[in-house]
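>>> Dropping the sequence and predicted coords here.
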Amino acid sequence: MQTPSGRSGPFLDELNRTYNRLHTAKEDAFWTVHMGLSDDVEAAQAALTEAERAMSAFVTDPARLAEVRAVLAAAEVGGDAPSDEERLALEGWIRTFEANVMESEEARRLWDELSEDEGRMNTARGRMKLGYVDPDDGFVEASSVKLSVMLGSEADERKRRAAWEGLRSIETYVLEHGFLDLVRKRNRWGRAMGGEDFYDATVRRTEGMTKAEVFARLDELEEKTRDAAETSLAALARDKGLERVDPWSFRWLVSGDVTAEKDPHFPFGPALERWMRSFAALGIDYRGATLVLDLVDRKGKYENGFMHGPVLAWRDHGAWRPARIQFTANAIPGMVGSGQGASETLFHEGGHAAHFANIDMPSPCFSTEFAPSSVAMAETQSMFLDSLLGDADWQTRYARTADGTRMPFALIEKAIRAGQPHAAFGLRSMLSVCYAERAIYELPDDELTPERVLAVLREVERRFCFMEAGGPRPVLSVPHLLSNDSSAYYHGYVLAEMAVEQTRRHFEERDGHLTDNPRIGPELRDAYWREGNRRRFSEFVERLTGRPLSADDLAARATRSADEAVAKARERIERLADVPAFEGAPRLNAEIRVQHGNETIASIDQRDGADADVAAFTGAFAAWVDRRANGGA
């Protein structure tokens, strides 16, 4: 790297170019591994490990932090003051390095080793023969996605239990294939970084909060949802004539028949067109980004949806550099609930993509999804947008059968009455993951055995979910906990839920509606997206909503009665008559490619006002999905 000389421009250029090169190499290697695109799995994993090591060496080196500080200081006192943009970029790099620098050689060495250790565990996890034992037909191979879907759609309780036990088998497998060694080493790294443990060190980097501060906010929500969740579970057992509610049956009892009834109104094939039209109506613009979507489950593919950005959006000496963003889902064409699941992914991961495609700052360091970027801030964007799918007015306008029949209010009301009593329970299920992960990292090394960890997980699940057998989603089947990059992460979803409710309240109180509100996209861009990681999460939320971040709105929504929720749904639908529907072809100002592994299914280029055939694009995808659902390739 150039020796600091007080001339910040060339120094920044080299810093930005190097970071971009390393970031793109790492993220492209990540996609290759997690999408299962290489025939040589071990070679692909080795390439990813090497790319991660190179990026880690760059962002964790204390000498780089010292260089940036020296350049800024020399420019300020040497009469060669940087421009406002250069100063902003240098300050961004200081925050980035402060969040990532590892002062001790031990911490840097441990982090490199963790990347290698995680790679070995992931390779082992990919070889796991996952599935369930059908009571009639014996073992059936199935992905974790299919097992999870079965919990809400399978009418046979024996098969639901088998699917739940299949998910639990992930826990014992990873505990016996390297996860506990990762936990020990992560904790050593966390202490070398000055934290109590890995969890504490991680949230200090990403959220600018201590572990205690994060859980103080979660404790507030736990207390506010406890009585409502426990009461609703007892009522569910009573209403169904059961002695108790078992974890493998909870989702089915709450929504199984409703999920099946709603399924025709969420056909998988049209999901792409629904997403494009709804986002266009919200005024969302991807600013010339390239979006790569891989939406259907297959063997060898990572079993959880995610978004990442191999090419970061930023402004380079005034020139706009658009992003390349990729996101994935694990939908199964033809399976009940797959169409709604595909829509949820498009809105959730598409919300992430909108956020990162709109960061407009003078360095790519503001656009990364990693520290110092807030997990909670990123998840607020995706969860706010996917929350629209549950709104009665959105369902009335967009949820239609293949022949165009709207979802009737009777079905909307039925779903509300089935789900609203258990909204508090749903939040507690999320909280259980956070508290269980914290508990794992707080165990002494000599207690990190499979038996002890499983006992701790079950104790947390019982405390939060009030079920003797444990929670509906076994904690270690949640893939976030296995990855170095997404461990100590799940609390971000809960904090984001708080911000989502405040954001929804802001728009509803001011504008009267969320569905097809064209003010949402531009305002999210200006208040939440444009500055990237320049501010703390809580600052962004207060800037948009005018109120400090709080659990109050979320707790109020989760604990209101079904009657209150139905009345709110009626109000939204009544207002829909005054909300114009989006007309014409939806435009998102992006190049969009839908892929299945290395195969391109459909593509469209709408960048810079290009006149592209949206119907042909979405139709090609729908036809391909229909062929897959009917057993075709």
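Yep, that arrived.
>>> what's the burial count for residue 334?
The number of residues packed around residue 334, counting by other C-beta atoms under 10 Å, is 14. C-beta: built from backbone N, CA, C; applies to glycine.
>>> tell me the contacts of it?
Remark: with contacts taken as C-beta atoms under 8 Å, 6 or more residues apart in numbering, residue 334 is in contact with 628-630.
>>> redo that, cut-off 7 Å
Residue 334 makes contacts with residue 629, as judged by C-beta atoms under 7 Å, 6 or more residues apart in numbering.
>>> where does it fall, phi/psi-wise?
Geometry field for residue 334 lists phi and psi as phi 90, psi -10, criterion degrees, to the nearest 10.
>>> got a pLDDT number for it?
In this prediction, residue 334 carries a pLDDT score of 89.
>>> and the gap between it and residue 629?
In this structure, residue 334 and residue 629 are separated by 4 Å, where distance is defined by C-beta to C-beta, to the nearest Å.
>>> Repeat that for residue 297.
12 Å.
>>> So which of these two has more stuff around it?
residue 297 (23 against 17).
>>> The more buried one against residue 328, yeah?
No: contact criterion C-beta atoms under 7 Å: residue 297 and residue 328 do not qualify, at 9.8 Å.
>>> how about low-confidence regions in the chain?
Screening the chain residue by residue with the criterion pLDDT under 70, one finds the ranges 1-7, 78-79, 256, 633.
>>> all strands for it, in order.
Listed from the start of the chain, the chain has strands (DSSP state E) covering 131-134, 138-141, 289-296, 306-311, 314-316, 319-321, 324-331, 590-596, 599-605.
>>> I'd like these as CSV, with mean neighbour count and distance to residue 584 appended.
As requested, these are exported to CSV (neighbours: other C-beta atoms under 10 Å; distance: least, C-beta to C-beta, whole Å):
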stretch, mean neighbour count, distance to residue 584
strand 131-134, 18, 46
strand 138-141, 12, 45
strand 289-296, 23, 21
strand 306-311, 22, 27
strand 314-316, 18, 30
strand 319-321, 11, 26
strand 324-331, 24, 25
strand 590-596, 21, 17
strand 599-605, 16, 15
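>>> Can you mark which positions in the top helix by length along the chain are buried?
Of all segments of type helix in the chain, defined using DSSP state H, the longest is helix 211-239. Within helix 211-239, the residues scored as buried using 16 or more other C-beta atoms under 10 Å are 211, 214-215, 217-218, 220-222, 224-225, 228-229, 232-233, 236.
>>> burial count for residue 121?
Neighbours of residue 121 (other C-beta under 10 Å): 18.
>>> That one contacts residue 181, correct?
No: at 8.4 Å, residue 121 does not count as touching residue 181 under the criterion of C-beta under 7 Å.
>>> how about the CA coordinates for stretch 444-464, as PDB?
This file holds the C-alpha atoms of stretch 444-464, laid out as PDB (Å, rounded to 0.1, in the frame of the first residue of the first chain):
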ATOM      1  CA  PRO A 444     -17.100 -23.300  29.900                       C
ATOM      2  CA  ASP A 445     -14.900 -25.200  27.500                       C
ATOM      3  CA  ASP A 446     -15.100 -28.400  29.600                       C
ATOM      4  CA  GLU A 447     -18.900 -28.300  29.400                       C
ATOM      5  CA  LEU A 448     -19.000 -28.100  25.600                       C
ATOM      6  CA  THR A 449     -20.100 -31.700  25.000                       C
ATOM      7  CA  PRO A 450     -22.900 -32.800  22.700                       C
ATOM      8  CA  GLU A 451     -25.000 -33.900  25.700                       C
ATOM      9  CA  ARG A 452     -24.600 -30.700  27.700                       C
ATOM     10  CA  VAL A 453     -25.200 -28.400  24.700                       C
ATOM     11  CA  LEU A 454     -28.400 -30.400  23.800                       C
ATOM     12  CA  ALA A 455     -29.600 -30.100  27.400                       C
ATOM     13  CA  VAL A 456     -29.000 -26.400  27.400                       C
ATOM     14  CA  LEU A 457     -30.900 -26.000  24.000                       C
ATOM     15  CA  ARG A 458     -33.900 -27.900  25.300                       C
ATOM     16  CA  GLU A 459     -34.000 -25.900  28.500                       C
ATOM     17  CA  VAL A 460     -34.100 -22.600  26.600                       C
ATOM     18  CA  GLU A 461     -36.700 -24.000  24.100                       C
ATOM     19  CA  ARG A 462     -38.900 -25.100  27.000                       C
ATOM     20  CA  ARG A 463     -38.600 -21.800  28.700                       C
ATOM     21  CA  PHE A 464     -39.600 -19.800  25.700                       C
END
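>>> Contacts for that stretch next, please.
Residues outside stretch 444-464 that contact it (C-beta under 7 Å, 6+ apart) are 171-172, 175-176, 180, 183-184, 428, 431-432, 435-436, 439-440, 443, 468, 470-471, 475-476.
>>> And stretch 259-277, what's buried?
Buried-residue list, stretch 259-277, by 16+ other C-beta under 10 Å: 259, 261-277.
>>> meant to ask about stretch 544-551, not that
544-545, 549-551.
>>> Which of the residues you listed sits closest to residue 573?
When the buried residues of stretch 544-551 are ranked by distance to residue 573 (C-beta to C-beta), residue 545 comes first, at 25.1 Å.
>>> That closest one and residue 520, how far apart?
Taking C-beta to C-beta as the measure, residue 545 and residue 520 are separated by 13 Å.
>>> Residue 518 reaches residue 280, doesn't it?
No: between residue 518 and residue 280 there is no contact, the gap being 9.2 Å when judged by C-beta under 7 Å.
>>> Show me which of the two is the more surrounded one.
Comparing residue 518 with residue 280 by neighbour count (other C-beta under 10 Å), the higher total belongs to residue 280, at 22 against 16.
>>> Run through the residues that contact the nearest residue to that one once chain neighbours are set aside.
Excluding its sequence neighbours, the residue lying closest to residue 280 (C-beta to C-beta, 6 or more residues apart in numbering) is residue 586, at 3.6 Å. Counting by C-beta under 7 Å, 6+ apart, residue 586 makes contact with 276-277, 280, 614.
>>> From one end of stretch 363-377 to the other, what's the distance?
The stretch stretch 363-377 measures 19 Å between its terminal residues, going by C-alpha to C-alpha, to the nearest Å.
>>> who touches it?
Identification of contacts with stretch 363-377 by C-beta under 7 Å, 6+ apart yields 12, 16, 19-20, 89, 92-93, 95-96, 99-100, 205-207, 308-309, 312-314, 356, 359, 361, 378, 485, 489, 492, 495-496, 499, 532-534, 536-537, 540.
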